[in-house]
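show me how the following folds:
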Amino acid sequence: MIKRFFATLFVAFFLMGNSLPSQAHPHSWIDLETALLFDEKGQVTGLWVGWLFDDYYSAFTLEGMTPNAQGAYDQQALNQLAEQNLKNLSEYSYFTFIQADGQKADVHPVTDYKTFVENNRLWMEFTITLKEPLHPKTQKLEYAVYDPTYYVEILHAVEGDPIQLIGEGAASCGYQLKKPEPPQELSLMAAGLDKDESAGDGIGVHFAERIEISCQ
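Numbers count the residues shown, from 1 in each chain. Next comes the predicted model:
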């Protein structure tokens with residue numbers, strides 16, 4: 001049976017810290033894919049988020065679970081893991097922060113998700129639905145996906161098409177990826193943190209990618 005997910009995502013990362021090759025933050029890595037969702041009116045209604053967890057976290061999470069002859073893991077167990085994972089992440093906005101004119105957008109609890117194992121790495125995807133649609137032609141719209149404590153580094157995948165704008169209303173829109181530029185002293189501080197230390201919830205934003213949306 002798959003290892004029971006812990007009270008919060010951070011606890012799991014902390015407990016696996018002894019097996020990681022580095023003692024500096026971050027301690028785990030996620031390859032990210034995102035897709036901003038548009039309706040036919042050109043309004044943004046939500047954000048699809050895909051996470052591919054690193055080898056270390058995947059191995060830790062899948063420990064004790066044996067794939068079948070076809071190499072597939074028990075889907076019910078994977079679904080239970082994802083449900084607990086998302087429940088814990090809901091306290092932290094699912095590590096997903098959408099802003100319009102500098103104000104955080106309100107979202108519904110996540111109910112749409114999917115998870116599986118690909119090449120021994122755990123994949124989880126979920127859809128965040130906005131309580132009110134956003135208007136990218138009249139509002140300054142941007143989003144970022146990051147761990148506020150920077151215990152986990154979340155960056156868009158370097159291969160494929162990791163950022164997409166989806167829907168009929170997205171035709172006149174584009175995006176710009178803003179790479180993080182953390183101050184040198186902050187990078188040095190993060191590099192010096194042990195696995196049982198935290199710099200608080202304010203450090204992660206400095207290491208986050210930001211996606212800015214523009215529509216004509």
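
give the other helices and strands that the longest strand seen in the chain contacts.
Looking across the chain with DSSP state E, the single longest strand is strand 121-134. Applying 3 or more C-beta pairs under 8 Å, 6 or more residues apart in numbering; DSSP states H and E, we find strand 121-134 packed against strand 44-53, helix 55-62, helix 75-89, strand 96-100, strand 113-118. From N, CA and C alone the C-beta is placed, and that goes for glycine too.

make CSV from the ones you listed and add distance to P148, mean pLDDT and mean neighbour count to it.
Putting those into CSV (distance: least, C-beta to C-beta, whole Å; pLDDT from 0 to 100; neighbours: other C-beta atoms under 10 Å) gives the following:
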stretch, distance to P148, mean pLDDT, mean neighbour count
strand 44-53, 16, 98, 20
helix 55-62, 18, 91, 18
helix 75-89, 11, 93, 17
strand 96-100, 9, 98, 20
strand 113-118, 21, 95, 15
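
quick one: closest of these to H27.
helix 55-62 (8.6 Å; C-beta to C-beta).

tilt between the closest one and helix 75-89?
110 degrees (axes from the mean of the first three to the mean of the last three C-alpha atoms, to 10 degrees).

CA atoms only for helix 55-62 - export them in CSV, please.
In CSV, the C-alpha atoms belonging to helix 55-62 read as follows (Å, rounded to 0.1, in the frame of the first residue of the first chain):
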residue,chain,number,x,y,z
ASP,A,55,12.8,11.4,-8.6
TYR,A,56,13.4,11.6,-4.9
TYR,A,57,10.0,12.8,-3.9
SER,A,58,8.4,10.3,-6.3
ALA,A,59,10.4,7.4,-4.9
PHE,A,60,9.6,8.4,-1.3
THR,A,61,5.9,8.7,-2.0
LEU,A,62,5.6,5.4,-4.0
